[in-house]
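Just a sequence and a predicted model for now, questions to come.
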Amino acid sequence: MTLNQIKGAIALGLSVKWANDGYDVIQDSLGKYLIKYKPNGFCFGLTHSNGITLNGQEFQFYVARA
C-alpha cells in the first residue's frame, strides 16, 4: 500500500496492519500516523521525519480482513 492508500483506508475506518497482525497502523489524537505494536503499545512513526518515506516497504502494509 502507498502512503495515500494507507491514510485513505484509515479514514474509512479500515484496520491497516504492517508486517503481521501484531502491528496496527493508527492515527493518534494529534493526527499523526503511527505503527503500534499491540502486545506492549510501543509506537513509532509511519514515515521517516520527511513525512513521505514509509518505515517499511509498501508490500508490508495491508488491510486486515474481518
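Looks like it came in fine.

for the residue nearest the centre of the chain, phi and psi?
Geometric centre of the chain, nearest residue: residue 25, 2.5 Å, by CA atoms, centre = their mean. For residue 25, the backbone dihedrals (degrees, to the nearest 10) come out as phi -100, psi 120.

Just give the nearest non-adjacent residue to it, would you?
residue 16 (4.0 Å; CB to CB, 6 or more residues apart in numbering). All C-beta atoms are positioned from the backbone trio N, CA, C, and that covers glycine.

Tell me the pLDDT of the one you found.
For residue 16, the pLDDT comes out at 98.

Now do the contacts for residue 16.
Counting by CB atoms under 8 Å, 6 or more residues apart in numbering, residue 16 touches 1, 6, 9-10, 24-25, 61-64.

farthest pair in the residues you listed?
Pairwise distances across the contacts of residue 16 peak at 13.8 Å for 1 and 24 (criterion: CB to CB).

So which of those two has more stuff around it?
residue 1 (20 against 17; other CB atoms under 10 Å).

Surely the more buried one is in contact with residue 61?
Yes - under the criterion of CB atoms under 8 Å, residue 1 makes contact with residue 61 at 4.1 Å.

Distance check, the closest residue to residue 64 other than its chain neighbours against residue 51.
With sequence-adjacent residues excluded and distances taken as CB to CB, 6+ apart, residue 64 is closest to residue 15, at 4.2 Å. Distance from residue 15 to residue 51, counting by CB to CB, to the nearest Å: 23 Å.

Counting neighbours, go ahead and name the busier of those two.
Counting neighbours by other CB under 10 Å for residue 15 and for residue 51 shows that residue 15 has the greater number, 15 against 11.

ok now do that one, which residues does it touch?
Neighbouring residues of residue 15 by CB under 8 Å, 6+ apart: 24, 63-64.

neighbours of residue 3, just the number please.
If you count neighbours by other CB under 10 Å, residue 3 ends up with 16.

what sits against the closest residue to it other than its chain neighbours?
Nearest residue to residue 3, sequence neighbours excluded (CB to CB, 6+ apart): residue 54, at 6.1 Å. Contacts for residue 54 were tallied using CB under 8 Å, 6+ apart; they are 3, 46-48, 61.

before we move on, what about residue 3?
The contact partners of residue 3, by CB under 8 Å, 6+ apart, come to 46-47, 52, 54.
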